[in-house]
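Trainee: Fold the stuff below for me.
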Amino acid sequence: MKHLHIIGICGTAMAGLAVMAKEQGWLVTGSDNGIYPPMSSLLEEIGIPLQEGFRLENLQPRPDLVLVGNTISRGNVELEAVMDQDIPYRSGAQWLYEHVLAGRHPVVATGTHGKTTTTSLLAKVWQEAGWQPGFLIGGIPLDFGRGARLPPREWVIVEGDEYDTAFFDKRPKFLHYRPKTLIINNLEFDHADIYPDLEAIRRQFRLLLRSVPASGYVLANGDDPEVAALLPAAYSRVVTYGLHGAHPFTAQVESSDGSSWQLLRQGEPLCRINWSLLGDHNVYNGLATAAAALLHGMPVAQVKAGLEGFQGVARRMQLRFMVGGVSVYDDFAHHPTAIATTLAGLRARIGSARLWVVVEPRSNTMRTRVHQERLAPAFALADHLLLARPQARGLRPEELLDVEAIVAELNGRPSRGEIPTAAVVANGQEAVVLLKQYCQPGDHVVIMSNGGFDGIHLKLQQELGQS
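Mentor: Sure thing, here's the model as predicted:
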């Protein structure tokens, strides 16, 4: 049994690789600076020992191979010891290709938005059809309870992240995966901490297209002009899908909230999908999934059953609880487009009910002013916004998102009742205090953060329960 040690094991992707390696027969250990759930709980459940903090003794006994998470930088004591002692090391993406993807059929879902939901849908549909997929997903699909599984057969569903790979490899992770079926769902500027502009991201997607074999498929959202502009770089078969235009695969949305839509191929209706997801953005995710499945010969009935049976993804518009008539949702959105489309789907579902949105600008991009002008319009469908002040974490004051300006812009429109339309809060605890004071039965509260946000969900549940 070979020993694999993972530095930075509690990241979603690295924890997933730990699961795969364990299932493959490796002795897996790992360390991280902050052992936190849900990943820590998953790893402990399957018997992977975790070490809090980075220390030299974590490398005893000497591992055969070390995986280095992409948050680990030079100066990390374990990484420096690995290099000094000539212990072989890899990035997670390189290990995934060498030990899991090579010789199999990777289905890789990419795009600025919807990657996690689309890969989760693919895994569910493949599973429903009995195709036994392996998968590596940057979230927790509720149908599986974990985001990774070693493939028993040829199919592997992978979330294709455009973020960089490791301290020694600044290429996007997805360039390692060599997909045989590639989905490109959309493309916008994001990750301002590593990409200077949109053209830099386009360049990486053009390289990705070149990595698909001629016998493979590229499934592309033909409604997205940025995606459509990339397609001449492809050497493989290209198939488009969309809600508008003459694409081989299309959908007719039949409900205002996106919960009912008809799937069509070459303009011919195949089936109607009635599912739990909301919003046109999720219809695109489902359409991409259906197109991939049908291209590979899956029967329509199994595609329909997989889509309609999908339970969703943790932290993607997940209804966490209802207390005193108040519905509280957890969502990962941290980009103006994702925020706007998510709120549009919920607004269509809840009608004129009062909608609160609580946001923690936490990602490297959201903390800056990259999307300053786009954020206030993204909250247009909310009745009330509580916007947390971002943490500096190395940014100068003039580089930080100007939350006061966003709040002032929103407060310039008419408010419902005496409560201000928008307010700045210092942290999650302050947001809980305001929500407890002003929330009423029938309200809906969406909490948007890609982190823990001071344990806001549990605190809010406790406070509302005491009201």
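Trainee: Tell me how the chain divides into domains.
Mentor: As assigned by automatic domain parsing, the chain contains the domains 3-87, 94-309, 318-465.
Trainee: just those: most buried one?
Mentor: Looking across the domains of the chain with neighbours counted as mean count of other C-beta atoms under 10 Å, the highest average goes to domain 94-309: a mean of 20. Where C-beta positions appear, they are placed from N, C-alpha and C, glycine not excepted.
Trainee: Adding mean pLDDT as columns, could you present the domains of the chain in CSV?
Mentor: Converted to CSV, the domains of the chain look like this (pLDDT from 0 to 100):
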stretch, mean pLDDT
domain 3-87, 93
domain 94-309, 97
domain 318-465, 91
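Trainee: Export only the CA atoms of stretch 396-414, formatted as CSV.
Mentor: This file holds the C-alpha atoms of stretch 396-414, laid out as CSV (Å, rounded to 0.1, in the frame of the first residue of the first chain):
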residue,chain,number,x,y,z
ARG,A,396,-5.5,48.4,0.2
PRO,A,397,-8.6,50.3,1.2
GLU,A,398,-9.0,51.9,-2.2
GLU,A,399,-9.0,48.3,-3.7
LEU,A,400,-11.8,47.0,-1.5
LEU,A,401,-15.4,46.8,-2.7
ASP,A,402,-17.2,50.0,-1.8
VAL,A,403,-20.2,48.6,0.0
GLU,A,404,-21.4,52.0,1.1
ALA,A,405,-21.7,53.1,-2.5
ILE,A,406,-23.8,50.0,-3.4
VAL,A,407,-26.1,50.5,-0.4
ALA,A,408,-26.5,54.2,-1.2
GLU,A,409,-27.5,53.3,-4.8
LEU,A,410,-30.1,50.8,-3.7
ASN,A,411,-31.5,53.1,-1.0
GLY,A,412,-32.1,55.7,-3.7
ARG,A,413,-35.1,53.6,-4.9
PRO,A,414,-38.5,53.4,-3.0
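Trainee: Just checking: what are the partner strands of the helix or strand that contains V446?
Mentor: Taking DSSP states H and E as the criterion, V446 maps to strand 444-448. Strand 444-448 pairs in its sheet with strand 326-331 (parallel), strand 355-359 (parallel), by DSSP bridges.
Trainee: Please look at V328 and Q461 and confirm they touch.
Mentor: Yes. Using C-beta atoms under 8 Å, V328 is in contact with Q461, at 7.1 Å.
Trainee: list residues touching both of these two?
Mentor: 320-321 (C-beta atoms under 8 Å, 6 or more residues apart in numbering).
Trainee: related to what we said a few turns ago, and the contacts of the strand holding V446?
Mentor: Here strand 444-448 makes contact (C-beta under 8 Å, 6+ apart) with 317, 326-334, 339, 342-343, 346, 350, 353-360, 382, 435, 439, 453, 456-457, 460.
Trainee: 6 Å - rerun?
Mentor: The contact list for strand 444-448, computed with C-beta atoms under 6 Å, 6 or more residues apart in numbering, reads 327-331, 333, 350, 353, 355-359, 456.
Trainee: Next: stretch 52-65.
Mentor: The contact list for stretch 52-65 (C-beta under 6 Å, 6+ apart) reads 2-5, 31, 33, 35, 51, 76-78, 81, 88.
Trainee: try it again with 7 Å
Mentor: 2-5, 7, 31, 33, 35, 51, 76-78, 81-82, 87-88, 90 (C-beta atoms under 7 Å, 6 or more residues apart in numbering).
Trainee: chain center to stretch 215-235: distance?
Mentor: Relative to its parent chain, stretch 215-235 has a centroid offset of 21 Å by C-alpha atoms, centre = their mean, to the nearest Å.
Trainee: And the helices in this structure, which stretches?
Mentor: 12-24, 39-45, 77-84, 92-96, 115-128, 198-210, 225-230, 280-295, 300-309, 336-350, 372-378, 403-411, 428-438, 456-465 (DSSP state H).
Trainee: Can you lay out those as CSV showing distance to H176?
Mentor: As requested, those are exported to CSV (distance: least, C-beta to C-beta, whole Å):
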stretch, distance to H176
helix 12-24, 12
helix 39-45, 21
helix 77-84, 20
helix 92-96, 4
helix 115-128, 16
helix 198-210, 10
helix 225-230, 19
helix 280-295, 20
helix 300-309, 28
helix 336-350, 25
helix 372-378, 31
helix 403-411, 37
helix 428-438, 36
helix 456-465, 35
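Trainee: Of the ones you listed, give the one that comes closest to C271.
Mentor: helix 300-309 (4.6 Å; C-beta to C-beta).
Trainee: what's that closest one packed up against?
Mentor: Judged by 3 or more C-beta pairs under 7 Å, 6 or more residues apart in numbering; DSSP states H and E, helix 300-309 is in contact with helix 115-128, strand 268-274, helix 280-295.
Trainee: Okay, angle between it and helix 115-128 too, please.
Mentor: On the basis of axes from the mean of the first three to the mean of the last three C-alpha atoms, to 10 degrees, helix 300-309 is oriented at 130 degrees to helix 115-128.
Trainee: if you skip the residues just before and after it, what's nearest to the residue nearest the centre of the chain?
Mentor: Nearest to the mean C-alpha position of the chain, by C-alpha atoms, centre = their mean, lies T116 at 4.1 Å. Nearest residue to T116, sequence neighbours excluded (C-beta to C-beta, 6 or more residues apart in numbering): G139, at 4.1 Å.
Trainee: who are the neighbours in contact with the one you found?
Mentor: The neighbours of G139, taking C-beta under 7 Å, 6+ apart as the test, are 12, 116, 120, 147, 313-316.
Trainee: measure it to Q60 for me?
Mentor: G139 sits 33 Å away from Q60, going by C-beta to C-beta, to the nearest Å.
Trainee: Also F144?
Mentor: Going from F144 to Q60 by C-beta to C-beta gives 34 Å.
Trainee: quick one: the strands in the stretch 51-200 of the chain?
Mentor: Counting by DSSP state E, counting those that start in this stretch, the segments of the stretch 51-200 of the chain that form strands are 65-68, 89-91, 105-110, 134-136, 148-149, 155-159, 164-166, 169-172, 181-184.
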